[in-house]
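Chemist: fold the following.
(2 chains)
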Number of protein chains: 2
Amino acid sequence: MTRQELIQQIREKQSFLCVGLDTDINKIPACVKKLVDDKCEDEDDRLSMYIYAFNKLIIDATAPYCVAYKPNLAFYECYGIEGLFAYHKTVGYLKQKYPHHFIIADAKRGDIGNTSKMYAKTFFEGDAQVDALTVAPYMGEDSVTPFLGYEGKWAILLALTSNKGSHDFQLTEDRQGERLFEKVLKTSQQWGSDENMMYVVGATQGRMFEDIRKVVPTHFLLVPGVGAQGGSLQEVCQYGMTTDCGLLVNSSRGIIYASAGEDFAEVAAQKARELQQEMKIELKKKEFL
Amino acid sequence: MTRQELIQQIREKQSFLCVGLDTDINKIPACVKKLVDDKCEDEDDRLSMYIYAFNKLIIDATAPYCVAYKPNLAFYECYGIEGLFAYHKTVGYLKQKYPHHFIIADAKRGDIGNTSKMYAKTFFEGDAQVDALTVAPYMGEDSVTPFLGYEGKWAILLALTSNKGSHDFQLTEDRQGERLFEKVLKTSQQWGSDENMMYVVGATQGRMFEDIRKVVPTHFLLVPGVGAQGGSLQEVCQYGMTTDCGLLVNSSRGIIYASAGEDFAEVAAQKARELQQEMKIELKKKEFL
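Modeler: Numbers count the residues shown, from 1 in each chain, chains lettered A, B, ... in the order given. Now for the predicted structure:
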C-alpha cells in the first residue's frame, strides 16, 4: 500500500488505529474454543483453528474502526508450525476480505544483507505478503535496505520503543549530544524515504515526539503503548501528528482482550470505536478532516 | 548445554567450529534433489525434504569436526510452513543423533518483555528447543532477560557484527568515549553471566577483539565472518581466545557450499576439517589442549 493510499484510508475511516493481533491461546475466550470444537472434527490443527477463529471474529468486529492490523509474530511462532499456519490464514483472510487494510508483520527482523534479503522475501513476496515489517536497526544500513526495494512495501524501523529497556541504549548521547534514536532517524534518511520507511515510537515517550518530529517531520510513526502500557493518545497527537496525520497508533491487549466473555467481539468493537472517536477529534483539531 | 559441557566438547573435538546452516534451496546440489525425487512420491513437501536431506548430509559429514550448528532462521522462514518444517526436522535430527552438539538458532529476536517471553518459549521449550538464540539488544533489558531464565540455555547478544552496517551505530561513541557495542557489553553484565550470555563479534573486526576482551574477559563469543566475509581465524584467536577457549567460530557458505557437485558432503567435511586443524593449533598455542 502506498503512502497516498494509506492517507486516503485514514481519511475514509476517520481513524489511524492499528489493531495488534497478539493472539495468546490462553486468553482466547471459551466460547470461541467451543465454536471450533463443535465444528471441527480433526484434532490435529485445533490450536491453529482457535487462533484463526478468534482473529477472524476480532477482525470482523474492529475493521470499520481501524486502518491497520499488526500480527505479532512471537505469538504465532511459539506454537510452531500450527502457529505459523494460523498466521498465514489470518493474513490471507485480511487480504481477501479487507484488502484496503494495511498489514504490519511485527517481527523486529534485521541481519546482514544476504540474510535480510531472505526476510524481505518471507514477508514481502508470495501469498502471505504484508505491507510492512518492523525492523531492528542495530546492524545498520545493509540490514535495512533489502526491505526498501519493494514498491508499496514498508520497513518500520525501531527508533524509540515503548518499553522500560528503551532507556538502556536508545537514549545514549554521542559526543555531539545526539541520542541513539535520533542517529537512527537521521542516518536512515539516507537509505529510504517517507514512502517506504516508518519508525516505531512508543506512546509512553510523551513529549519526545516533539524532538522526533524535528528529525522526521513527514514520516509515518507506528505508535505502540496506548492502553495496557499507559501512553496517552492526546499527547501523541499533540506532539506527533502531521498535516497528513503521520501516525498509526496501535492497541493490542486493550482491544482484543477487553472482555473474556461471549461478548468479547462486541466489546473489542466498542473499544476500537472509542479510540476511533478520539482519533476523529484529533484529526479534526489538525484540520485533516 | 552448560558452559562446562561446552568447554568439554571443545576439548574432545579439538575444535570450536560452528557450522552455519544457511540452507538456500537454489544452492542445494542437483544430486541431493534427485535423491529426494527418487525416494519421495508426495509432491507436497518436496521443498522441505530437499532442505532437510541436504542438512542431514552436511551434518553427518561435518559433525566430527565441529561443536555447534547454527541454522539461520531467515533461510527457513522464507519458505513458509515448509521451511519451518525443515527447520524443526533438522533440529530434531541434531538432538537425536548428535545430542552433544550445541545448537544455535540464529534469529536475532528481541522485543518488549511480554513478547520476548513468547520468543523464549518458541526457542527454549518443547520438541524443537535449541541451546542458544541470537538476540538484538536495541530494546534493552526487558527485551533480553526473558531469555536468561532457562537452565543451560543462552542468549547470544549482538555486540559488534561482521557486516559493513555495523559501523553505522555500533561504533558510535558516547560522551565518555564509550562505543555503543561496549555499552551493550557492559550494561548487559547486570542482566546475566558468562553461564547464560554470549556475544556476537564479527571476525572482520580484527584487533577490536582486544577491546572486547577488556570488557568481557570470560564470556564466549560467537564469531561469524570467517570465510566468505573475509575474517582471519588467526587474528580472532590471537586477540579473542581465553584460557577456556571462549570462542565459537562460525563458517556457513565456506563449508556447506564449498562444492556444488556430487562430492559436496565430502568437500564440506574437508573444509570443516581444515578449519578444525587450524583451530587445534590455536588451542595448543593457548595451552588449552
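Chemist: ok, now how distant is residue A:74 from chain B?
Modeler: 4 Å (C-beta to the nearest C-beta, to the nearest Å). No exception for glycine: its C-beta is placed from N, CA and C like everyone else's.
Chemist: repeat for residue A:135
Modeler: Applying C-beta to the nearest C-beta to residue A:135 and chain B gives a distance of 10 Å.
Chemist: beta-bridge partners for that residue, please?
Modeler: With DSSP bridges as the criterion, residue A:135 is bridged to residue A:109, residue A:157.
Chemist: give me the angle between the helix or strand containing residue A:104 and strand B:102-109.
Modeler: Take DSSP states H and E as the rule and residue A:104 turns out to sit in strand A:102-109. If you take axes from the mean of the first three to the mean of the last three C-alpha atoms, to 10 degrees, strand A:102-109 sits at 140 degrees to strand B:102-109.
Chemist: so what touches the helix or strand just after strand A:102-109?
Modeler: Downstream of strand A:102-109, the first helix or strand assigned by DSSP H and E is helix A:113-124. Residues outside helix A:113-124 that contact it (C-beta atoms under 8 Å, 6 or more residues apart in numbering or on different chains) are A:105, A:107, A:109-111, A:129-130, A:133, A:142-147, A:149-150, A:153, B:22, B:72, B:74-75, B:77-78, B:80, B:163, B:165.
Chemist: quick one on the thing from earlier: the strand holding residue A:104 packs against which elements?
Modeler: The elements that strand A:102-109 packs onto, with contact taken as 3 or more C-beta pairs under 8 Å, 6 or more residues apart in numbering or on different chains; DSSP states H and E, are strand A:17-21, strand A:68-71, helix A:80-97, helix A:113-124, strand A:132-135.
Chemist: now do the buried residues in the host helix or strand of residue A:186.
Modeler: Using DSSP H and E, residue A:186 sits in helix A:180-188. Neighbour-count burial for helix A:180-188, counted by 16 or more other C-beta atoms under 10 Å in any protein chain shown, picks out A:180, A:181, A:182, A:183, A:184, A:185, A:187, A:188.
Chemist: would you turn these into JSON lines with pLDDT?
Modeler: Formatted as JSON lines, the buried residues of helix A:180-188 follow (pLDDT from 0 to 100):
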{"residue": "A:180", "pLDDT": "98"}
{"residue": "A:181", "pLDDT": "98"}
{"residue": "A:182", "pLDDT": "97"}
{"residue": "A:183", "pLDDT": "98"}
{"residue": "A:184", "pLDDT": "98"}
{"residue": "A:185", "pLDDT": "98"}
{"residue": "A:187", "pLDDT": "98"}
{"residue": "A:188", "pLDDT": "98"}
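Chemist: out of those residues, who's near chain B?
Modeler: Among the buried residues of helix A:180-188, the ones lying near chain B by C-beta under 8 Å from any C-beta of the partner chain are A:180, A:183, A:184, A:187.
Chemist: report pLDDT for the nearest residue to residue A:103 once chain neighbours are set aside.
Modeler: Among residues not flanking residue A:103 along the chain, residue A:130 sits closest, at 4.2 Å (C-beta to C-beta, 6 or more residues apart in numbering or on different chains). On pLDDT, residue A:130 comes in at 98.
Chemist: do residue A:207 as well
Modeler: According to the model, residue A:207 scores 87 on pLDDT.
Chemist: so how far is residue A:231 from it?
Modeler: 12 Å (C-beta to C-beta, to the nearest Å).
Chemist: got it, and residue A:189?
Modeler: Distance from residue A:189 to residue A:231, by C-beta to C-beta: 25 Å.
Chemist: in stretch A:83-97, what counts as buried?
Modeler: Counting neighbours by 16+ other C-beta under 10 Å, the buried set in stretch A:83-97 is A:83, A:84, A:85, A:86, A:87, A:88, A:89, A:90, A:91, A:93, A:94, A:95.
Chemist: one more: stretch A:252-266?
Modeler: A:252, A:254, A:255, A:256, A:257, A:258, A:264, A:265.
Chemist: which members of those residues occur in helices, if any?
Modeler: The helices, defined by DSSP state H, take in A:254, A:255, A:256, A:264, A:265 from the buried residues of stretch A:252-266.
Chemist: min pLDDT across those residues, which one?
Modeler: Minimum confidence in those sits at residue A:254, scoring 94.
Chemist: ok, that one - contacts?
Modeler: With C-beta under 8 Å, 6+ apart, residue A:254 has these contacts: A:226, A:227, A:228, A:271.
Chemist: taking those residues one by one, which sit in strands?
Modeler: Taking DSSP state E, every one of those sits outside strands.
Chemist: and which of the residues you listed is nearest to residue B:14?
Modeler: residue A:228 (51.9 Å; C-beta to C-beta).
Chemist: how many other residues sit next to the closest one?
Modeler: The tally of other residues near residue A:228 (other C-beta atoms under 10 Å in any protein chain shown) stands at 17.
Chemist: one step back: possible to save the buried residues of helix A:180-188 as JSON lines with distance to residue B:217?
Modeler: Shown next, in JSON lines, are these (distance: C-beta to C-beta, whole Å):
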{"residue": "A:180", "distance to residue B:217": "26"}
{"residue": "A:181", "distance to residue B:217": "31"}
{"residue": "A:182", "distance to residue B:217": "33"}
{"residue": "A:183", "distance to residue B:217": "29"}
{"residue": "A:184", "distance to residue B:217": "30"}
{"residue": "A:185", "distance to residue B:217": "35"}
{"residue": "A:187", "distance to residue B:217": "32"}
{"residue": "A:188", "distance to residue B:217": "35"}
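Chemist: tell me which parts of the stretch 151-289 of chain A are close to chain B?
Modeler: The stretch 151-289 of chain A comes close to chain B at residues A:158, A:161-170, A:172-175, A:177, A:180, A:183-184, A:187, as judged by C-beta under 8 Å from any C-beta.
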